[in-house]
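Peer 1: Kindly generate the corresponding structure for this input.
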Amino acid sequence: MKRSPVFFQCIAFLAMVSVIPLTSCQKEQQSIETVPATNSSPKPEALATGDTLLNVSYESGTLNSGIAGLGTTAASAPDAAYMITPGSTGNYGIAHKVTLDDTAYSSAGQPRSESDALNITSARYQPGDARRYEFSVLLKDWTTWTSPMPADAEILFQAKPTSSGPSFFIAAKRNAIVFRHGASAQDNLVADYTGYINQWIDFRVDVLWSNSGTGTYSVYTRLPGGSYTLKAQYSNESTYNSTSAYGYIKWGLYRADQSTANGSVATRIAYHDNIRIIAL
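Peer 2: Predicted structure coming up:
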């Protein structure tokens, strides 16, 4: 059983990312291989009922995890998204790949390859909703940061209203994995990921969505072989600071405004698995 936990539309948000620097026990790691990508599924699985609003396990072996309406990459490169085996706790997971300066790995004018739950009504969020978001990520053969490389934010997961910048995101920045929300609030979820490259790391974000200053965030990390540890907590926040009717989640790789000319790493690959949304 699986375990539980574009160009940014706001120029100010992009400026914020560029200026400020940016733990479910693990099964034994196995050799990971790629398998042919496909969006087809002979029998799409139904969304889970009860308190689990979305459960993307990828055990269907397909890019949409057998869930009708689940969005897959809009990038055109054949390997912008592909299945990998094994996953974090099961047979499959998904890989997203972005190579800079190649439009085949771009969408809406930005270098990115992301999956999303935009069209899954039960997975959307609005003010008043209390939600838990969980996902597992593996930084595949990740090139670590050294000076004078730019301090790029490689966004791995984000919650985003439809017509504004992210409510929050989790990103690899320098050699840390960070949680970012609001105008400038940032916390290290993994202070130094270099010892965990090619290993699965789990994240959990509990949110009370609010546009009236009553929202909360509790953010947890689970490192390989460890337990969930609280890494960031906020209260009395306007967590839904948008006029959008609703928000949705995306996962993969978003490499906003990066280029090899600026010294950014040419190719990045991130694996994802166990994306879940739970009503709190």
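Peer 1: in stretch 233-250, what counts as buried?
Peer 2: Tyr234, Glu237, Ser238, Thr239, Tyr240, Asn241, Ser242, Tyr246, Gly247, Tyr248, Ile249, Lys250 (16 or more other Cβ atoms under 10 Å). C-betas here are computed from N, CA, C, even on glycine.
Peer 1: My read is that the last one contacts Gln158, right?
Peer 2: Yes. Lys250 is in contact with Gln158 according to Cβ atoms under 8 Å; the separation is 5.3 Å.
Peer 1: tell me which of the buried residues of stretch 233-250 is nearest to Thr260?
Peer 2: Lys250 (24.2 Å; Cβ to Cβ).
Peer 1: could you point out which element follows the helix or strand containing the closest one?
Peer 2: Taking DSSP states H and E as the criterion, Lys250 maps to strand 247-254. Per DSSP H and E, the first helix or strand lying C-terminal to strand 247-254 is strand 267-279.
Peer 1: Report the rounded mean pLDDT for that next one.
Peer 2: Strand 267-279 comes out with an average pLDDT of 97.
Peer 1: in its sheet, what does that strand sit against?
Peer 2: strand 52-56 (antiparallel), strand 93-99 (antiparallel), strand 130-139 (antiparallel) (DSSP bridges).
Peer 1: Would you tell me which one of the ones you listed is buried the most?
Peer 2: Mean neighbour counts were compared across these using mean count of other Cβ atoms under 10 Å; the top stretch is strand 93-99, at a mean of 25.
Peer 1: just the angle between that one and strand 247-254, please?
Peer 2: If you take axes from the mean of the first three to the mean of the last three Cα atoms, to 10 degrees, strand 93-99 sits at 60 degrees to strand 247-254.
Peer 1: Relative to Phe179, which of the strands paired with strand 267-279 is closest?
Peer 2: Nearest to Phe179, of all the strands paired with strand 267-279, is strand 130-139, at 11.4 Å by Cβ to Cβ.
Peer 1: Can you spell out which helices and strands pack onto whichever helix or strand comes after the closest one?
Peer 2: Sequence order places strand 153-161 as the next helix or strand after strand 130-139, per DSSP H and E. Applying 3 or more Cβ pairs under 8 Å, 6 or more residues apart in numbering; DSSP states H and E, one finds that strand 153-161 makes contact with strand 130-139, strand 168-173, strand 176-181, strand 200-208, strand 247-254, strand 267-279.
Peer 1: how far does the strand holding Lys250 sit from the chain's center?
Peer 2: 5 Å (Cα atoms, centre = their mean, to the nearest Å).
Peer 1: other SSEs contacting that strand?
Peer 2: Looks like strand 247-254 contacts strand 93-99, strand 110-116, strand 153-161, strand 267-279 (3+ Cβ pairs under 8 Å, 6+ apart).
Peer 1: low pLDDT regions in the chain?
Peer 2: Along the chain, segments meeting pLDDT under 70 span 1-50.
Peer 1: so who does Asp116 touch?
Peer 2: If you count contacts by Cβ atoms under 8 Å, 6 or more residues apart in numbering, Asp116 has them with Leu70, Gly71, Tyr248, Ile249, Lys250, Trp251.
Peer 1: Next, format the helices and strands packed on strand 247-254 as a markdown table and append distance to Asp129.
Peer 2: Listed next are these as a markdown table, based on distance: least, Cβ to Cβ, whole Å:
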| stretch | distance to Asp129 |
| --- | --- |
| strand 93-99 | 26 |
| strand 110-116 | 18 |
| strand 153-161 | 11 |
| strand 267-279 | 8 |
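Peer 1: isn't Asp192 right up against Lys173?
Peer 2: No. The pair Asp192 and Lys173 fails to qualify as a contact (Cβ under 8 Å) at a distance of 11.9 Å.
Peer 1: More neighbours: the two, which one.
Peer 2: For Asp192 versus Lys173, neighbours defined as other Cβ atoms under 10 Å are more numerous around Lys173 (20 against 12).
Peer 1: was I right about that one contacting Ala151?
Peer 2: Yes. With contacts counted by Cβ under 8 Å, Lys173 reaches Ala151, the gap being 6.1 Å.
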